[in-house]
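> based on what follows, work out the 3D shape:
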Amino acid sequence: MHRVTRAVFRLLFGLRISGSSVPAGGAVLAANHESVLDPFVLGLVTKRPVRFLAKRELWRFGVVGRTIEALGGVPVDRGTGDRAAIARLEELLREDWLVGVFPQGVVRDAPTWHRGAAKLALATGTPLVPILIDGTAKALSRGRVGLPRLRVVVGEPIVVEQAKPTIAAAKELTEQLRLAVEALRERE
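Just a heads-up that it's a prediction; the model follows:
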C-alpha cells in the first residue's frame, strides 16, 4: 500500500522527499500543517507505519473512522486535554513507533504552535524530527483542488532527554522545533 501511495503522489504531484533519514526506534515526526493531505504525505517519509491523532468526530462516520484507524489514527477529543489519547501516544513511542504530530493543530498558516509534540518528546525521551511539507495547500484546501509540485524536507532529529514536560521546557522545545521547520524552507 505504501509503495502504491508513494507512486500515486509522485505521479500526480511530483512528490519529492529530501533531507535526513528518520531515526530508528520511536520518534515524534512534527510537521507544519497546510492541508488535509498532510497526514498522508507525512506517512510517506518512511516505510515504517506512522501513528497520529485524528479528531474523534471522524469516527462518527463508520467507514471513515475505520479507514483512519487502519491508517494509524488514534482518536482524540480536541480541546479537552484528552489525557487518554496522549497516554496512548506515549505508550506507542516507548514501543518504538513513529508518531506524527502537527503542532499547528489545524490546517492554517499561523504563528501559534501548540506544545504537544514537545511534551511527548520530553515525556518519553524520544527524538523530535522537524519536517516541512510544502505545496499541499495548493493541492487540496477549501475551494481549491490542483496538481502542484509537493515537497517534503526531513530535518535533523532534535535529540531530547527525558524530562518532566513543564510548560517552560515544552515552550522552549516547541520554539526550537518551529524554527527548525521554517529553516527547512530554504533547503532544496
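> I'd say residue 105 and residue 114 touch.
Yes. Taking contacts as CB atoms under 8 Å, residue 105 lies within contact range of residue 114: 5.1 Å. Where you see a C-beta, it was placed from the backbone N, CA and C, and this is true even at glycine.
> any idea how far the host helix or strand of residue 179 is from the chain center?
Residue 179 belongs to helix 167-184 when assigned by DSSP states H and E. Computed by CA atoms, centre = their mean, to the nearest Å, the chain-centroid distance of helix 167-184 equals 14 Å.
> now do it, average pLDDT.
Mean per-residue pLDDT for helix 167-184: 96.
> which parts of it are buried?
169-170, 173-174, 177-178, 180-181, 184 (16 or more other CB atoms under 10 Å).
> stretch 17-30 too?
17, 19, 22, 26-30.
> next helix or strand past the helix or strand bottoming out on mean pLDDT in the chain?
The least trusted helix or strand in the chain, going by mean pLDDT, DSSP states H and E, turns out to be strand 144-145, with a mean of 64. Sequence-wise, the next helix or strand downstream of strand 144-145 (DSSP H and E) is strand 151-154.
> now do that following strand: which elements does it pack against?
strand 16-19, strand 128-134 (3 or more CB pairs under 8 Å, 6 or more residues apart in numbering; DSSP states H and E).
> which stretch among those strands comes nearest residue 118?
For the helices and strands packed on strand 151-154, the distance to residue 118 is smallest for strand 128-134, at 6.8 Å, taking CB to CB.
> counting contacts, what elements does the closest one pack onto?
strand 27-31, helix 38-42, helix 116-124, strand 151-154, helix 167-184.
> put the alpha carbons of it into CSV.
C-alpha atoms of strand 128-134 as CSV (Å, rounded to 0.1, in the frame of the first residue of the first chain):
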residue,chain,number,x,y,z
LEU,A,128,11.7,15.2,17.7
VAL,A,129,12.0,15.2,13.9
PRO,A,130,11.2,18.6,12.2
ILE,A,131,9.5,18.1,8.8
LEU,A,132,8.5,20.7,6.2
ILE,A,133,5.5,19.8,4.0
ASP,A,134,5.3,22.3,1.1
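> now do that strand: distance to the chain's middle.
With CA atoms, centre = their mean as the basis, strand 128-134 stands 8 Å off its chain's centre.
> ok, and what's touching it?
Residues from elsewhere that reach strand 128-134 (CB atoms under 8 Å, 6 or more residues apart in numbering): 20, 22-23, 27-34, 38, 41-42, 45, 117-118, 121, 150-158, 160, 173, 177, 180-182, 184-185, 187.
> now do that strand against strand 27-31, angle only.
Counting by axes from the mean of the first three to the mean of the last three CA atoms, to 10 degrees, strand 128-134 lies at 30 degrees to strand 27-31.
> rounded mean pLDDT for strand 128-134, please.
The pLDDT scores in strand 128-134 average 96.
> and the next helix or strand past it?
helix 136-139.
> quick one: residues contacting residue 123.
Residue 123 sits in contact with 90, 162, 165, where contact means CB under 8 Å, 6+ apart.
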